[in-house]
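Asks: here is the input, now give the coordinates:
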Amino acid sequence: MHFFTTVLQNHDRGTRFKNSYFTIKSNFSALSTSTETLLESVQRTVTQFIKYSRGKTMESRDWQNGRSLPERMLHMLNLQLMCDVTFYVGTDKKVFKAHRCMLASASPVFYSMFEGPMAEKGEITIPDLDNEIFTQLVRFMYTDQIEVNTSNVKGLLYGAEKYMLQSVKSECSQFLSTLIDEDHACVVLQTANDFHLEELKHKALQYIHRHGKQCLVSESLSSLSTECLKLVIESDSLKCKEDFIFEQVVKWGENKCGDKDMSLTDGHIRESLGDILYDIRFPLMDRKYFTHHVSTRRILSSDEIIRVFQSFDGINIENFRSKLRLPNPVKFYRCIVNEGQQSWTLDGSVDSIEFSTDFDGLLLGIIVFGSKDYKGDHDITVKIIQFFTVLTTTTTSLTSKEGQEIYEIMFLDPVKLTKNVRYTIQLSMKGPKTFTGKNYATRIMEDDLSVTFSFGVSSLNGTNETSGQIPGIIVGRQLE
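Replies: Residues are numbered from 1 along each chain as shown. Now for the predicted structure:
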């Protein structure tokens, strides 16, 4: 007799052994094999099956021991043990089962969904999330762990906002912050704005403002909404010239026309731009550029073009902003602090110094010495003069504090500087004696920029090119 012996699976899929049963099914044909051989074959097969079943049983019983709570709960989720809620996820309504208590403990939305007289009792349909994203969110609610990447970050943010999973939003925000560079800063800004990630939004904006030219030429600029583009170009901190900003904003408007299937006319571009147009500081443009590249188009109305030309001749106009954008500050120190016994007496008399630069730029502020005793108040008036004309006057007060010898006096209205032109700083400071300096220098280099200091003829309190107050200035190079 020749036998083919098959061990059939027991009725509990091998997960229990006590009170279970299995069947030995023997298919045989009449061959010349002894009965003894048949019995040995059956016995051997049964013995192997029992050993296998006992191993599987012990394995299934041991999943609780030696595992953390997240590991145990994830095991129950993966094997669908004792699940009490069923979801149909995505457009294909894929079935997903989970445990109400775990979801409710992690999400206020699920808690409201499952608790109270209006609680969901049956199956729940979630058409607006795909299965992969929903799976990752549920697994996070079981384990507090999630993997974020460029492919899933927007989906996770959408789901995290829907179910109020703040920890997931924080993980996504941290991941997106690592992507901020010249090519992706605009995309990160838009994503942060869409999902109310204020800290990330501020970080992305700061980067764009500091690297304005590189970010505005990026293809990702077209991804910005009107709201986000306005945040970018309305800021005084955007490091770009107005003609460049105008060109990039017009390109953005052209893309919006394409999105709306509108023809590329100046009128349609103007319609797409809306009020953003007034955040471009046309009065700061080079007059020649405005004449040849702006006034010849119909993006501005005829009346607006006339008013911008009037602003070039010093006439104040409405609607268009004319405040200078601030370049990155560079500090030029002409001395170091003298921590010895020397001090500087201040009774309100003028301390003055003159300076010139080898570059076009802006004077953003000056640096002064504070109280020698690290305490007390000073009344301060600063004037910037060029050939008997006062360009700006700043009046403020200064309170010295422990451990600080120098202070920055920033101007509300920065002064435009022309290279190789001499400017005079007049400082009137009244209060307790201050620190003074040592090792004064007349020509200072920072990066590839140079500032030269010289004696100010209006200095009545003793400051000159080798002693006294005004240890430095804060300037910025002309925007490109």
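Asks: tell me how many other residues crowd the closest residue to residue 80 other than its chain neighbours.
Replies: Among residues not flanking residue 80 along the chain, residue 97 sits closest, at 5.2 Å (CB to CB, 6 or more residues apart in numbering). (Glycine included, C-beta is placed from N, CA and C.) The burial count assigned to residue 97 is 15, neighbours taken as other CB atoms under 10 Å.
Asks: and residue 109, by the same measure?
Replies: For residue 109, the count of nearby residues is 14 (other CB under 10 Å).
Asks: doesn't it fall inside a strand?
Replies: No: per DSSP: H, G, I helix; E, B strand; the rest coil, residue 109 lies outside any strand segment and is helix.
Asks: separation between it and residue 102?
Replies: 14 Å (CB to CB, to the nearest Å).
Asks: on that earlier part again, for the residue nearest to residue 80, helix, strand, or coil?
Replies: Three-state assignment for residue 97 (three-state DSSP): strand.
Asks: pairing partners for it in the sheet, please.
Replies: residue 86 (DSSP bridges).
Asks: who's in contact with it?
Replies: Residue 97 makes contact with 80, 83, 85, 86, 87 under the criterion CB atoms under 8 Å, 6 or more residues apart in numbering.
Asks: which one of these is nearest residue 209?
Replies: Closest to residue 209 out of those is residue 87 (43.7 Å), distances taken as CB to CB.
Asks: tell me, how many residues neighbour that closest one?
Replies: Residues within reach of residue 87, counting by other CB under 10 Å, total 20.
Asks: what residues does the closest residue to it other than its chain neighbours make contact with?
Replies: Nearest non-adjacent residue to residue 87, counting by CB to CB, 6+ apart: residue 96, 4.5 Å away. Residues near residue 96 by CB under 8 Å, 6+ apart: 86, 87, 88, 89, 131, 134, 135, 138.
Asks: and the pLDDT for the nearest residue in space to the third one that is not next to it in sequence?
Replies: Leaving out its chain neighbours, the residue that sits closest to residue 88 by CB to CB, 6+ apart is residue 125, at 4.7 Å. For residue 125, the model assigns a pLDDT of 93.
Asks: give me the element residue 125 is part of.
Replies: Here residue 125 sits within strand 124-126, counting by DSSP states H and E.
Asks: so after that strand, what's the next helix or strand?
Replies: Following strand 124-126 in sequence, per DSSP H and E, is helix 131-143.
Asks: let me see the contact set for residue 147.
Replies: Listed by CB under 8 Å, 6+ apart, the contact partners of residue 147 are residue 136.
Asks: what's the ChimeraX line that selects buried ones from the contacts of residue 97?
Replies: Selection of buried members from these for ChimeraX, criterion 16 or more other CB atoms under 10 Å:
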select :85,87
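Asks: of all the contacts of residue 97, which comes closest to residue 153?
Replies: For the contacts of residue 97, the nearest to residue 153 is residue 87 (22.2 Å; CB to CB).
Asks: touching, the closest one and residue 100? I think so.
Replies: No: between residue 87 and residue 100 there is no contact under CB atoms under 8 Å: 11.2 Å.
Asks: so, low pLDDT: which residues of the protein?
Replies: 1-61 (pLDDT under 70).
Asks: run through the bridge partners of residue 445.
Replies: Bridge pairing for residue 445 - DSSP bridges - gives residue 450.
Asks: what's the local residue count around it?
Replies: 11.
Asks: what helix or strand is residue 392 on?
Replies: Applying DSSP H and E, one finds residue 392 within strand 389-399.
Asks: can you list the helices and strands that that strand packs against?
Replies: Using 3 or more CB pairs under 8 Å, 6 or more residues apart in numbering; DSSP states H and E, the elements in contact with strand 389-399 are strand 377-386, strand 406-417.
Asks: touching that strand from outside, list them.
Replies: When contacts are defined by CB under 8 Å, 6+ apart, strand 389-399 is touched by residues 368, 370, 376-385, 407, 409, 411-413, 415, 423, 431.
Asks: ok, residue 417 - contacts?
Replies: 357, 359, 360, 361, 362, 363, 423, 475.
Asks: the nearest residue to the fifth one once chain neighbours are set aside - how many residues pack around it?
Replies: When the adjacent residues along the chain are set aside, residue 362 lies closest to residue 414, with 4.2 Å between them (CB to CB, 6+ apart). Other residues lying near residue 414 total 25 when counted by other CB under 10 Å.
Asks: do you know how far residue 414 is from residue 105?
Replies: For residue 414, the distance to residue 105 equals 55 Å [CB to CB].
Asks: then residue 371?
Replies: Distance from residue 371 to residue 105, counting by CB to CB: 58 Å.
Asks: verify the stated contact: the residue nearest to residue 362 with residue 323.
Replies: No: Residue 414 is beyond contact range of residue 323, at 9.0 Å (criterion: CB under 8 Å).
Asks: quick one, what contacts residue 228?
Replies: By CB under 8 Å, 6+ apart, the contact set of residue 228 is 186, 189, 190, 193.
Asks: pretty sure it sits in a strand.
Replies: No: counting by three-state DSSP, residue 228 falls outside a strand, being helix.
Asks: sort out for me which of the contacts of residue 417 are in strands.
Replies: Judged by DSSP state E, strands contain the following of the contacts of residue 417: 357, 361, 362, 363, 423, 475.
Asks: columns neighbour count on top of the residues you listed, output as CSV?
Replies: What follows is the ones in strands among the contacts of residue 417, written out as CSV (neighbours: other CB atoms under 10 Å):
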residue, neighbour count
357, 22
361, 21
362, 22
363, 21
423, 20
475, 25
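Asks: so residue 452, which state does it fall into?
Replies: Three-state assignment for residue 452 (three-state DSSP): strand.
Asks: measure it to residue 186 for me?
Replies: Remark: distance between residue 452 and residue 186 (CB to CB) = 40 Å.
Asks: ok, those two, which is more surrounded?
Replies: residue 186 (25 against 18).
Asks: double-check that the more buried one belongs to a strand.
Replies: No: counting by three-state DSSP, residue 186 is not found in a strand; it is helix.
Asks: residues contacting the closest residue to it other than its chain neighbours?
Replies: Closest residue to residue 186 apart from its sequence neighbours, by CB to CB, 6+ apart: residue 220 at 4.1 Å. Shown in contact with residue 220 (CB under 8 Å, 6+ apart): 183, 184, 185, 186, 187.
Asks: next helix or strand past the host helix or strand of residue 269?
Replies: Here residue 269, judged by DSSP H and E, is contained in helix 266-273. Proceeding N to C from helix 266-273, the next assigned helix or strand is helix 287-289, under DSSP H and E.
Asks: measure residue 143 to residue 403 for me?
Replies: 48 Å.
Asks: who has more neighbours, those two?
Replies: Each of residue 143 and residue 403 has its neighbours counted (other CB under 10 Å); residue 143 has more, 16 against 6.
Asks: residue contacts, the more buried one?
Replies: Going by CB under 8 Å, 6+ apart, the list of residues near residue 143 reads 70, 71, 73, 74.
Asks: go with 7 Å
Replies: Shown in contact with residue 143 (CB atoms under 7 Å, 6 or more residues apart in numbering): 70, 74.
Asks: for residue 101, see how far away it is.
Replies: Taken as CB to CB, the span from residue 143 to residue 101 is 15 Å.
Asks: tell me the buried residues in the helix or strand where residue 253 lies?
Replies: Using DSSP H and E, residue 253 sits in helix 242-259. Within helix 242-259, the residues that count as buried by 16+ other CB under 10 Å are 242-243, 245-246, 248-250, 252-257.
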